[in-house]
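# Quick one: sequence plus predicted model below, questions after.
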Amino acid sequence: MQSAVQRSADNSYVIQGRTVTMPCIVRDASSASVIYMVPADVAQRFVGDAYEVVEMMPGQTQLIVGFVDYKDNDLGDYNEVMIVFMVRPKQGGSDGTFIWKLPVNQLFTCDAGCSIWGFPKSVEQIDVDYTAERATCRLVMGGQHVFTLSVPRGAADAGESPDMEMTTYTYLDGPTCLQFATGGTGTTVTPGGEGVELILGTHSIADDLRSLGLPTTPMLSTWMEHMRGSFGPPRKL
């Protein structure tokens, strides 16, 4: 979903009558990510003609599946699911992430994400539930179950993750990139993805994930109880 967006010289945007100023700030969120190694030739089908997947070992690339519970964010309070590949531009450039799917459960962040950065957002049913030891996300699209992902939840006073800057690539009237920075507290890293549970549903995206070999044993999983971050303005490649 995308509507007309007004951009001013100071990198601010008017979306649905609200002004979003760059950088867009995330003050508090909880996030989970699970990293899988998947066949690079299959993954290449999902990233478009402008990018090539980064092989972490011969014939293998990283796939990241995760979710974020945004609590204090310039774009609102909402849930988000991410399906991400590691890529580099074919014309040359640094390695970065390519977000293949980024469903959310609120309209404003969907409109802003699509219009400002070209993020592949859509409004879907995303339920995030917590117990003392686990965080679980269930994604439903078009009335069909896509997946349910459950990860170990570490202690709120677990390790600190220093801010790290990365590049994300999108398509916004052509290949586009932006810089984002993220860090936080209450970080738990689980090598080998011990305790991760991924259940795939009947939606076509679940079939796409099956074509990549999921469900399988992850490389690792991470949980961040209090994530912070910022997203810069888009830049054409």
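Happy to help now that I have it. Numbering: from 1, shown residues only.

# what's residue 60 in contact with, if anything?
37, 38, 39, 40 (Cβ atoms under 8 Å, 6 or more residues apart in numbering). C-betas here are computed from N, CA, C, even on glycine.

# The third one and residue 212 touch, don't they?
In other words, residue 39. Yes - between residue 39 and residue 212 a contact is recorded at 6.8 Å, counting by Cβ atoms under 8 Å.

# Same drill for the two, tell me which one is more crowded.
Legend: neighbour count by other Cβ atoms under 10 Å for residue 39 and residue 212, higher for residue 212 (20 against 15).

# Now do the contacts for the nearest residue to that one once chain neighbours are set aside.
Of all residues not flanking residue 212 in the chain, residue 38 sits nearest, at 4.2 Å (Cβ to Cβ, 6 or more residues apart in numbering). By Cβ under 8 Å, 6+ apart, the contact list for residue 38 reads 60, 61, 62, 63, 212, 213, 214.

# Quick check: bridge partners of the fourth one?
Right, residue 63. Assessed by DSSP bridges, residue 63 has beta-bridge partners residue 36, residue 85.

# Any stretches of the chain with poor pLDDT?
1-9, 156 (pLDDT under 70).

# show me the biggest helix of it in terms of residues.
Counting residues, the longest helix found in the chain (DSSP state H) is helix 204-211.

# quick one: buried residues of that one?
205, 206, 208, 209 (16 or more other Cβ atoms under 10 Å).

# tell me what the following helix or strand past it is packed against?
Per DSSP states H and E, helix 204-211 leads on to strand 220-231 as the next helix or strand towards the C-terminus. Secondary-structure packing of strand 220-231 (3 or more Cβ pairs under 8 Å, 6 or more residues apart in numbering; DSSP states H and E): strand 24-39, strand 144-152, strand 175-191.

# now strand 220-231 against strand 24-39, angle please.
Put simply, strand 220-231 runs at 140 degrees to strand 24-39, going by axes from the mean of the first three to the mean of the last three Cα atoms, to 10 degrees.

# Strand 220-231: which residues count as buried?
Using 16+ other Cβ under 10 Å as the test for burial, strand 220-231 gives 221, 222, 223, 224, 225, 226, 227, 228, 229, 230, 231.

# Likewise for stretch 50-58?
50, 51, 52, 53, 54.

# and residue 51, what are its bridge partners?
Taking DSSP bridges as the rule, residue 51 bridges to residue 89.

# so after whichever helix or strand residue 97 is part of, what's the next helix or strand?
Residue 97 belongs to strand 96-101 when assigned by DSSP H and E. Scanning forward in sequence from strand 96-101 by DSSP H and E, the next helix or strand is helix 107-112.

# Parallel or antiparallel, list what pairs with the very next helix or strand once past that next one.
As assigned by DSSP H and E, the chain's next helix or strand after helix 107-112 is strand 125-130. When pairing is defined by DSSP bridges, strand 125-130 lines up against strand 134-141 (antiparallel).

# Around residue 92, count how many other residues there are.
7.

# ok, it to residue 77 distance?
To residue 77, residue 92 is 39 Å away according to Cβ to Cβ, to the nearest Å.

# one step back: ok, so of the contacts of residue 38, who is nearest residue 25?
Ranked by distance to residue 25 (Cβ to Cβ), those are led by residue 62 at 27.1 Å.

# Without its sequence neighbours, what residue ends up closest to the closest one?
residue 86 is the one closest to residue 62 (Cβ to Cβ, 6+ apart), at 4.7 Å.
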